[in-house]
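**Student:** fold the following for me, if possible:
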Amino acid sequence: MSTNFLVIYLDDHARWALHTYGNSEVSTPNLDYLARTGTRMDYAFTPTPVCSPSRAAFFSGKTSSQHGVHDYLNVWTPEVNERNWLEAEETLPEMLREAGYSTGLSGKWHLGRNFEPAPGFDYWHELGDVNSPAILHSPWPVAPAAPGGHNPNAVTDRAVEFLRIRPQENPFFLFVGLYGTHSPWRDHPERLVERYRNASFSDVPLEPTHPFGRLSSESLMPETRNRREALAQYYASVTETDEQVGRLLDELDAQGLREETMIVYTSDHGLNMGHHGVWGKGNGTKPYNLLDESIRIPMIISQPGTVLENQVRGEFVTHYDLFSTIVEHAGVEPSSEPHRSPRPGESFLSLLRGDHGSGAEQIVFCEYGDLRGARTADHKLLLRNDSGEHELFDLTRDPRETRNFFHDPAYRDVVAHLQQRIEDFFTTYSDSETDGLRVRELPSFNPEEYWRHPNHDNLWWERQAAL
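**Tutor:** You can find the predicted model right below:
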């Protein structure tokens with residue numbers, strides 16, 4: 001029997017903001033249950049710490065320098081939203097539908113042309129924007145469209161609807177794009193916010209501003225002026241998300257599908273909520289950052305009888321490794337692409353089943369435009385190809401990434417090793433037309449790209465926050 005897949009993909013849910021990852025105050029009982037009945041990947045990373053590129057990595061199994069999405073897509077710009085930014089890629093839903101899966105999306109897409117189903121999807125409920133109804137397409141009879149797209153209950157309602165109306169004889173792939181943890185950090189249910197207003201927030205350090213960039217984008221939003229209220233709202237959004245996860249688990253249980261369904265809970269990237277004095281993700285500073293809070297993500301996978309229960313794994317994994325894991329578990333094969341670079345992902349299905357790791361060096365590669373980085377257990381190297389102001393952090397001596405050891409003679413060998421690893425990786429896993437080193441020649445993704453607007457005044461973000 002084929003395995004079903006339920007992928008719950010959060011927007012801005014930081015790894016540190018879950019109880020199962022060590023947060024002492026946030027309440028996430030359903031996600032705690034999911035971790036107890038499955039495997040928690042302790043070192044999961046996003047390849048690019050901003051929304052659209054990370055989603056493209058998951059759906060295509062490729063790096064930004066391959067799929068060509070290097071920053072978030074400004075959906076309010078027609079020339080951006082009228083394009084399908086993955087049209088040159090064979091995506092996971094396309095592969096699965098070709099193999100006989102019924103496929104659905106409910107929630108956030110953020111890869112262009114949200115007003116119609118992306119290739120590979122049968123059922124399509126995209127959240128639209130705050131001033132218009134959600135977009136709904138289905139080959140099966142559905143309930144009337146609800147007014148207003150930004151409603152987490154509506155996203156889950158439609159996800160449950162898909163589970164009920166899909167052809168029951170087919171396996172399914174359902175992508176649920178919840179977004180409640182995204183800024184602005186306000187207007188979450190008072191019943192949830194109230195419980196956190198007296199929290200200590202001891203899991204969020206009070207720190208000076210990161211010394212290797214000035215504050216930008218979400219770091220300048222009005223909500224950041226009241227730290228405690230912003231954190232109470234964010235914690236409430238996490239608990240609100242947890243409630244939606246519980247609804248999805250209940251529906252699978254009601255249909256008797258838990259053992260037949262691999263459930264994945266992850267996020268597009270991490271988030272700083274005052275960590276390092278920064279608010280937001282990789283674009284919370286200019287130049288952009290690859291702080292651990294920006295690149296580390298939650299990744300919990302559960303399937304009773306297939307995935308080992310209550311397991312914590314320390315191997316480094318990414319969104320494109322998750323793509324490869326689902327592909328292997330589904331028993332499908334990507335099409336051959338003789339004129340393009342190979343996918344970088346490696347399936348970690350055997351790790352989920354409890355097998356021993358390979359013992360290989362644990363290293364992950366990230367990029368954001370022409371910024372490239374490598375992180376190991378002990379070090380992180382950032383190569384800033386525009387300015388040459390590279391950074392090396394010693395994560396053992398300086399885990400908060402406050403000192404740059406790049407020019408320290410004692411680290412010469414570490415720098416040389418990681419520089420070579422970065423060069424080798426992107427030589428193998430990039431295509432000339434979409435390479436991040438050429439990002440200034442590529443189409444624009446949004447109005448605040450650092451490589452085009454290094455001194456942008458950030459008023460655009462404040463206008464969006466006021467909508």
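
**Student:** hey, let's count contacts and neighbours off CA atoms from now on
**Tutor:** OK.

**Student:** would you map the helices across the stretch 301-450 of the chain?
**Tutor:** All helices of the stretch 301-450 of the chain, identified by DSSP state H, counting those that start in this stretch, fall at 319-330, 349-352, 412-428.

**Student:** next, the buried residues of the first one.
**Tutor:** Neighbour counts using 16 or more other C-alpha atoms under 10 Å place 319, 320, 321, 322, 323, 324, 325, 326, 327, 329, 330 of helix 319-330 among the buried residues.

**Student:** which residues touch it?
**Tutor:** The contact list for helix 319-330 (C-alpha atoms under 8 Å, 6 or more residues apart in numbering) reads 2-3, 45-47, 54, 57-63, 92, 96, 333, 343-349.

**Student:** and if you look at the second one?
**Tutor:** For helix 349-352, the surrounding residues in contact (C-alpha under 8 Å, 6+ apart) are 39, 301, 306, 307, 308, 313, 325, 328, 329, 357.

**Student:** try it again with 10 Å
**Tutor:** Helix 349-352 is contacted by residues 38-41, 301-303, 306-309, 311-313, 315, 321-322, 324-329, 355-358 when judged by C-alpha atoms under 10 Å, 6 or more residues apart in numbering.

**Student:** next one: the last one
**Tutor:** Contacts with helix 412-428, where a contact means C-alpha under 10 Å, 6+ apart, come from 63, 65-66, 341-344, 363-367, 372-376, 379-383, 391-392, 394, 405-409, 411, 429, 435-436.

**Student:** any of the contacts of helix 319-330 buried? List them.
**Tutor:** The neighbour count (16+ other C-alpha under 10 Å) marks 3, 45-47, 54, 57-63, 92, 96, 343-349 as buried among those.

**Student:** of the contacts of helix 349-352, which belong to strands?
**Tutor:** Using DSSP state E, 39, 40, 41, 301, 302, 311, 312, 313, 315 are the members of the contacts of helix 349-352 that sit in strands.

**Student:** now residue 228: closest residue in space, sequence neighbours ignored.
**Tutor:** Closest residue to residue 228 in three dimensions, ignoring its sequence neighbours and counting by C-alpha to C-alpha, 6 or more residues apart in numbering: residue 197, at 7.0 Å.

**Student:** quick check: phi and psi on that neighbour?
**Tutor:** Torsion angles at residue 197 (phi, psi; degrees, to the nearest 10) stand at phi -70, psi -20.

**Student:** any idea how far residue 93 is from residue 122?
**Tutor:** To residue 93, residue 122 is 9 Å away according to C-alpha to C-alpha, to the nearest Å.

**Student:** more crowded one of the two?
**Tutor:** residue 93 (25 against 21; other C-alpha atoms under 10 Å).

**Student:** hmm, back to that, could I have the buried ones of the contacts of helix 412-428 as ChimeraX selection syntax?
**Tutor:** Buried subset of the contacts of helix 412-428, written as a ChimeraX selection, criterion 16+ other C-alpha under 10 Å:
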select :63,65,66,341,342,343,344,363,364,365,366,367,372,373,374,375,376,379,380,381,382,383,391,392,394,405,406,429,435,436
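
**Student:** in strands, which of the contacts of helix 412-428 fall?
**Tutor:** Of the contacts of helix 412-428, the ones assigned to strands by DSSP E are 363-367, 372-376, 379-383, 391-392, 394.

**Student:** still on that earlier bit, ChimeraX command for the buried members of the contacts of helix 349-352?
**Tutor:** In ChimeraX, a selection of the buried entries from the contacts of helix 349-352 looks like this (16+ other C-alpha under 10 Å):
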select :38,39,40,41,301,302,303,306,307,308,309,311,312,313,315,321,322,324,325,326,327,329
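
**Student:** what is the lengthiest helix in the chain packed up against?
**Tutor:** For the chain, the longest helix by residue count, based on DSSP state H, is helix 227-254. Applying 3 or more C-alpha pairs under 10 Å, 6 or more residues apart in numbering; DSSP states H and E, one finds that helix 227-254 makes contact with strand 4-10, helix 29-36, helix 152-165, helix 190-196, strand 261-267, strand 272-273.

**Student:** nearest to residue 204, out of these?
**Tutor:** Across those, residue 204 has its closest neighbour in strand 272-273 (7.5 Å, C-alpha to C-alpha).

**Student:** partner strands of the closest one, with direction?
**Tutor:** strand 279-280 (antiparallel) (DSSP bridges).

**Student:** mean confidence score for the strand it pairs with?
**Tutor:** Here strand 279-280 scores 98 as its mean pLDDT.

**Student:** for the spatially most central residue of the chain, what are its contacts?
**Tutor:** Nearest to the mean C-alpha position of the chain, counting by C-alpha atoms, centre = their mean, stands residue 268 at 0.8 Å. The contact partners of residue 268, by C-alpha under 10 Å, 6+ apart, come to 9-14, 45-58, 177, 295-298, 319.

**Student:** so which of these are in helices?
**Tutor:** The helices, defined by DSSP H, take in 51, 52, 53, 54, 55, 56, 57, 58, 295, 319 from those.

**Student:** which of those residues sit farthest apart?
**Tutor:** Top of the distance list for those (C-alpha to C-alpha): 56 and 295, 15.5 Å.

**Student:** out of the two, which sits in the more crowded spot?
**Tutor:** Legend: neighbour count by other C-alpha under 10 Å for residue 56 and residue 295, higher for residue 56 (29 against 25).

**Student:** where does the residue lying closest to residue 315 once chain neighbours are set aside sit: helix, strand or coil?
**Tutor:** In this structure, residue 315 finds its nearest non-sequential neighbour in residue 43, 6.2 Å apart by C-alpha to C-alpha, 6+ apart. Three-state assignment for residue 43 (DSSP: H, G, I helix; E, B strand; the rest coil): strand.

**Student:** from what I see, residue 43 and residue 16 are in contact.
**Tutor:** No: look at residue 43 against residue 16 with C-alpha atoms under 10 Å: they stay out of range, at 11.7 Å.

**Student:** number of residues surrounding residue 227?
**Tutor:** Around residue 227 there are 13 other residues, counting by other C-alpha under 10 Å.

**Student:** who touches the residue lying closest to it once chain neighbours are set aside in this structure?
**Tutor:** Computed as C-alpha to C-alpha, 6+ apart, the closest residue to residue 227 that is not its neighbour in sequence is residue 274, at 7.7 Å. Counting by C-alpha under 10 Å, 6+ apart, residue 274 touches 204, 205, 206, 207, 208, 209, 219, 224, 227, 230, 231, 280.

**Student:** and residue 131, what's its pLDDT?
**Tutor:** 56.

**Student:** cool, and residue 358?
**Tutor:** The per-residue pLDDT reported for residue 358 equals 82.

**Student:** how about residue 147?
**Tutor:** For residue 147, the model assigns a pLDDT of 55.

**Student:** now swap in residue 459 and tell me
**Tutor:** Model confidence at residue 459, given as pLDDT, is 51.

**Student:** and for residue 332?
**Tutor:** Reading off the model, residue 332 has pLDDT 97.

**Student:** what distance do you get for it to residue 90?
**Tutor:** 12 Å.
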